[in-house]
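1. Just a sequence and a predicted model for now, questions to come.
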Amino acid sequence: MNVNDSQRAEIAGWVEEGCSIADVQDRLREKFSISMTYMDVRFLVDDLDIEFSEPAEESETTEPAEGLKDSDDETVLEEPELVGGAVTVAVDAVTRPGAMVSGTVSFSDGKNMSWQLGAGGQLGLIPGDDPDYRPLPDDVEEFQIQLQKVLQEKGY
């Protein structure tokens, strides 16, 4: 995706203010009507040669998350909590054969998969380069939420 010099300067300002990749992604969509995947935004920020570091997110809940117990019986988390907006969904311009609608999804860990919705309403994820990859359950839930929003915006 090409952005002009004034847009690059504004994006650089957002990152320097401390915006996350997801925040930059949202601002690009809202301010410039540019829709990019999470990874594309990450690459764009890298191309701008801006030092970027996402701040550690704190949990919104005060209850301990399930995880492994260490020797002091304290909970050790297996997976970090999903940061909102880290899952992005796109709809294909040309629908896959046999599908009512199809597209791609980028998960919080940067892995991408294709998806399709069959005529019977059956949703399916299509393996990408790694056929053994399984997205986190929180990512799958966020994918379903984002997919519903995207499809409603497109009139499905």
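-> Here it is on my side, so go on.
2. hey, let's count contacts and neighbours off CA atoms from now on
-> Fine.
3. So for the residue lying closest to residue 106 once chain neighbours are set aside, what's the pLDDT?
-> Among residues not flanking residue 106 along the chain, residue 112 sits closest, at 4.4 Å (Cα to Cα, 6 or more residues apart in numbering). The score at residue 112 is 89. That number is its pLDDT.
4. how far away is residue 112 from residue 148?
-> 18 Å (Cα to Cα, to the nearest Å).
5. mind checking the SS state of residue 132?
-> The three-state assignment at residue 132 reads coil, by DSSP: H, G, I helix; E, B strand; the rest coil.
6. What is the burial count for it?
-> A count of nearby residues for residue 132, using other Cα atoms under 10 Å, gives 8.
7. Compare residue 112 and residue 148 and say which is more crowded by neighbours.
-> residue 112 (23 against 14).
8. how does the protein divide up, domain by domain?
-> 5-47, 88-153 (automatic domain parsing).
9. Can you point out the buried residues in the strand or helix carrying residue 43?
-> Element membership of residue 43, judged by DSSP states H and E, is helix 38-47. Residues of helix 38-47 classed as buried by neighbour count (16 or more other Cα atoms under 10 Å): 38, 39, 41, 42, 44, 45.
10. Closest one to residue 143 out of those residues, please.
-> Using Cα to Cα, residue 38 comes nearest to residue 143 of those, at 13.0 Å.
11. Okay, and the nearest residue to residue 89 once chain neighbours are set aside sits in which element?
-> Among residues not flanking residue 89 along the chain, residue 105 sits closest, at 4.5 Å (Cα to Cα, 6+ apart). According to DSSP H and E, residue 105 maps onto strand 101-106.
12. Next, the angle from the helix or strand following that strand to helix 38-47.
-> Next along the chain after strand 101-106, taking DSSP H and E as the criterion, comes strand 112-117. Angle, strand 112-117 to helix 38-47, by axes from the mean of the first three to the mean of the last three Cα atoms, to 10 degrees: 150 degrees.
13. Sheet-wise, list the partners of strand 112-117 with their directions.
-> strand 101-106 (antiparallel), strand 123-126 (antiparallel) (DSSP bridges).
14. what's the closest non-adjacent residue to residue 126?
-> In space, not counting the residues next to it along the chain, residue 126 is nearest to residue 114; the distance is 5.0 Å by Cα to Cα, 6+ apart.
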